[in-house]
Each structure stands twice: as C-alpha cells, then as structure tokens.
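Undergrad: Pasting the sequence and the predicted model now:
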Amino acid sequence: MALACAAFLLVPAWGVGAAQDGPAEVNDVPAEAKDASKNLDVPYEGSEPAALQAMMDLARVGRDDFVIDLGSGDGRILIHAAKRFGARGLGVDLNAKLVEIAKRRAKAAKVADLVRFEVRDIFETDISRATVLTMFLYPGVVMKLRPRILSTLAPGTRVVSNEHHLGLWRPDAARVVKSAEGRDGVVYMWTVPARMAGLWIWELGPSEVNDTVLNYRAKFTQKFQDFGGELVLGLQPMTVFGARLSGAEIAFSASGEIGDRIVRQDFSGRIKGNEITGSVRFSGGVAETVLPWRAWRAPEALK
C-alpha cells in the first residue's frame with residue numbers, strides 16, 4: 001500500500017535550505033512537494049505546535065529513545081526530537097520530495113547524525129527497534145497497523161497517534177489540543193503490553209506465612225493492557241483483583257484462605273518472555289511478609 005503523511009506535530013523547524021527560528025508553517029513546503037502526496041493513501045498535511053508538545057510530553061521522549069515516524073513528511077517530529085531531546089530516529093515516507101526536504105532540514109539543524117529519512121512503505125518498514133512510534137495516518141491505515149504494533153514492538157514501547165485511535169485498544173493517555181485556528185484535536189498514547197494470557201504456575205516455599213510449600217496455578221485472559229482470570233492455591237480458589245499491566249510491568253492482588261485465615265497477597269513483577277520475576281507481599285490475616293516471586297507460563301499455554 002502506498003502511504004505518505006506529514007509529521008503530526010509542529011516543531012521548531014527549518015526552511016528547506018537553511019535553519020530559521022520560529023515554528024514551521026505548511027507554506028514552508030513547496031507546493032510541488034505537497035502535490036506529490038495527493039495520490040497516496042494519506043496526503044500531506046501540516047502540523048500544530050500544541051500537538052507537538054503533547055506528543056513529546058505523553059511519550060516522554062528522551063536521549064535514550066529511538067523514534068520511528070511512519071509517514072514522516074518533511075521530518076518535523078524527528079528533527080525536533082533530536083534537536084530538543086537528543087533522541088535518534090528513522091522517518092519513512094513514500095513521497096520522495098518530502099524525504100529530501102526532511103534530509104536537508106536535518107542537516108541544517110545539525111542532527112543528521114541522529115536521524116535519517118528514507119523513501120519506504122510503512123508496511124515494509126521494520127519497526128521493532130522503536131522505543132517510540134509516531135504516526136498521523138488515516139483510521140483504516142492505523143487499524144491495519146495495530147496487529148503489527150502489538151506483535152512487533154517490545155513491551156513498554158510508547159505509541160503516539162494524532163487524531164485517530166486504535167479501536168478497542170484503550171489509550172493509556174490522551175490530551176485535547178487546539179490548533180492555531182481554535183479547532184480541537186486529540187493526541188493519543190499507548191504503551192505496548194507484554195503478552196500475559198495463558199496458564200502460569202509458581203510455588204512459594206515455607207515462611208512465616210505458612211510452614212508448607214504453596215502451589216499456585218493462574219489462568220489469565222488478556223485484552224490489550226487489561227487482564228484478569230482465575231487463581232487457585234492448591235485446590236482453593238482465590239479472588240483476583242486490582243490487575244494492572246504497563247508494558248512488561250505487572251501487578252495484581254489475590255485474597256483467599258491459607259490455613260484457617262483469609263490472607264491478602266499483592267503480586268508485582270516484570271514479564272520477560274514466559275517468566276515473571278518479582279515479589280509478593282502477604283498481609284491481612286498474617287503478619288506482613290514479603291517474599292520473592294517467580295512464575296512460569298505452562299508449556300500447554302505455549303502451543
């Protein structure tokens with residue numbers, strides 16, 4: 001699919017040939033360059049200063065980030081991310097004229113060593129390296145990208161979109177922004193979640209809580225960053241509540257009977273592939289105790 005799009009957010013930008021102060025305007029891009037996007041699925045559009053600020057804030061762009069901008073247009077997002085925050089990045093667009101403008105602006109801004117721009121279809125672009133993914137695309141294109149985003153990007157990667165959301169994938173943050181003409185727009189941000197669904201097993205050794213080994217089995221279901229399920233300790237069902245998943249960081253609580261007491265257990269940890277490492281805090285019917293926690297995804301859940 002042929003795609004091209006202007007960068008979503010307005011940045012302190014630079015003319016085609018030389019740096020300049022102040023915000024870039026749509027008129028800074030020659031008409032012939034804009035016209036070259038007219039027959040692509042996502043034509044070139046200008047960007048707004050308030051949207052830029054929202055994007056950088058919500059994605060928490062920093063020096064350690066690698067930003068990939070899908071439909072990078074004249075390069076405004078990446079140039080700003082590099083010049084202001086020291087981030088590195090890649091911008092791709094099918095409009096070769098816009099890509100050349102982006103390259104010249106990056107050179108003029110003295111960030112050409114941090115960012116590069118290529119003529120490439122977004123669906124043929126390897127996005128796995130991104131720690132921040134930005135896009136200003138049409139709704140159908142955004143939705144077509146969603147499976148790749150979830151399967152390719154590492155847990156914890158921040159995804160930012162102008163105007164168009166990702167359907168039932170609930171955004172972790174959103175901000176209403178105003179254009180120079182007073183029109184309301186929205187910037188959305190998601191954090192790519194780790195894969196949590198499946199059957200998990202773990203055990204906890206003797207402690208102040210219990211003098212025997214505790215054997216757990218948890219069957220979790222997941223819908224994007226939301227998850228829940230059933231937890232059994234031995235043969236005793238437990239109530240699961242307060243489940244939270246942010247990138248690879250997981251937390252949930254359980255309440256149930258251990259021995260002859262109702263005990264609360266607060267689990268927290270980090271998912272890495274098919275293993276979770278973290279800690280569990282016991283409280284309620286027992287003296288507060290913290291133990292190390294390690295869980296494994298059961299083999300049958302990997303099929």
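TA: Yep, that arrived. None of these values were measured; they are calculated from a predicted model.
Undergrad: For this structure, just list every one of the helices.
TA: Along the chain, the stretches classed as helices by DSSP state H are 31-35, 49-59, 76-85, 96-108, 139-152.
Undergrad: Among these, show me which one is buried the most.
TA: helix 76-85 (a mean of 25; mean count of other Cβ atoms under 10 Å). For every residue, glycine as well, the C-beta is placed using N, CA and C.
Undergrad: quick one: average confidence on that helix?
TA: For helix 76-85, mean pLDDT is 92.
Undergrad: ditto for stretch 103-115
TA: In the prediction, stretch 103-115 has an average pLDDT of 96.
Undergrad: any chance of the helices of the chain in TSV, plus distance to residue 120?
TA: Output for those, formatted as TSV (distance: least, Cβ to Cβ, whole Å):
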stretch	distance to residue 120
helix 31-35	17
helix 49-59	22
helix 76-85	14
helix 96-108	9
helix 139-152	14
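Undergrad: Residue 163: neighbour count?
TA: 16 (other Cβ atoms under 10 Å).
Undergrad: tell me the contacts of the residue lying closest to residue 224 once chain neighbours are set aside?
TA: In this structure, residue 224 finds its nearest non-sequential neighbour in residue 169, 4.6 Å apart by Cβ to Cβ, 6 or more residues apart in numbering. Counting by Cβ atoms under 8 Å, 6 or more residues apart in numbering, residue 169 touches 146, 150, 190, 224, 225.
Undergrad: give me the number of residues near the nearest residue to residue 96 once chain neighbours are set aside?
TA: By the measure of Cβ to Cβ, 6+ apart, the closest residue to residue 96 outside its immediate chain neighbours is residue 119, 4.9 Å from it. Counted by other Cβ under 10 Å, the residues lying close to residue 119 total 14.
Undergrad: And the strands in the stretch 151-300 of the chain, which stretches?
TA: Assigned by DSSP state E, counting those that start in this stretch, the stretch 151-300 of the chain shows strands spanning 158-162, 173-178, 184-191, 198-204, 214-223, 226-233, 236-246, 249-258, 261-272, 275-284, 289-297.
Undergrad: Compare those strands and give me the one nearest residue 108.
TA: Judged by Cβ to Cβ, the one of these that comes nearest to residue 108 is strand 158-162, at 24.8 Å.
Undergrad: Give me the residues contacting the closest one.
TA: 8-9, 51, 55, 58-60, 131-137, 142, 149, 153, 166, 185-192.
Undergrad: Render the CA-only coordinates of that strand in CSV, please.
TA: The C-alpha trace of strand 158-162 is given here as CSV (Å, rounded to 0.1, in the frame of the first residue of the first chain):
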residue,chain,number,x,y,z
ARG,A,158,5.2,4.1,23.5
VAL,A,159,2.9,4.6,20.5
VAL,A,160,1.5,8.1,19.8
SER,A,161,-1.1,8.9,17.2
ASN,A,162,-2.7,12.1,16.0
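Undergrad: Sheet partners, orientation included, of that strand?
TA: strand 132-135 (parallel), strand 184-191 (antiparallel) (DSSP bridges).
Undergrad: Quick check, pLDDT for the closest residue to residue 189 other than its chain neighbours.
TA: Spatial nearest neighbour of residue 189, chain neighbours left out: residue 58 (3.9 Å); criterion: Cβ to Cβ, 6+ apart. pLDDT, residue 58: 96.
Undergrad: Skipping adjacent residues, who's closest to the residue most central in space within the chain in space?
TA: Nearest to the mean C-alpha position of the chain, by Cα atoms, centre = their mean, lies residue 158 at 2.5 Å. Spatial nearest neighbour of residue 158, excluding adjacent residues (Cβ to Cβ, 6+ apart): residue 59 at 4.4 Å.
Undergrad: So the one you found sits against residue 132, correct?
TA: Yes: if you go by Cβ atoms under 8 Å, residue 59 and residue 132 touch, sitting 4.9 Å apart.
Undergrad: so where's the stretch 1-150 of the chain uncertain?
TA: 1-27, 29-47 (pLDDT under 70).
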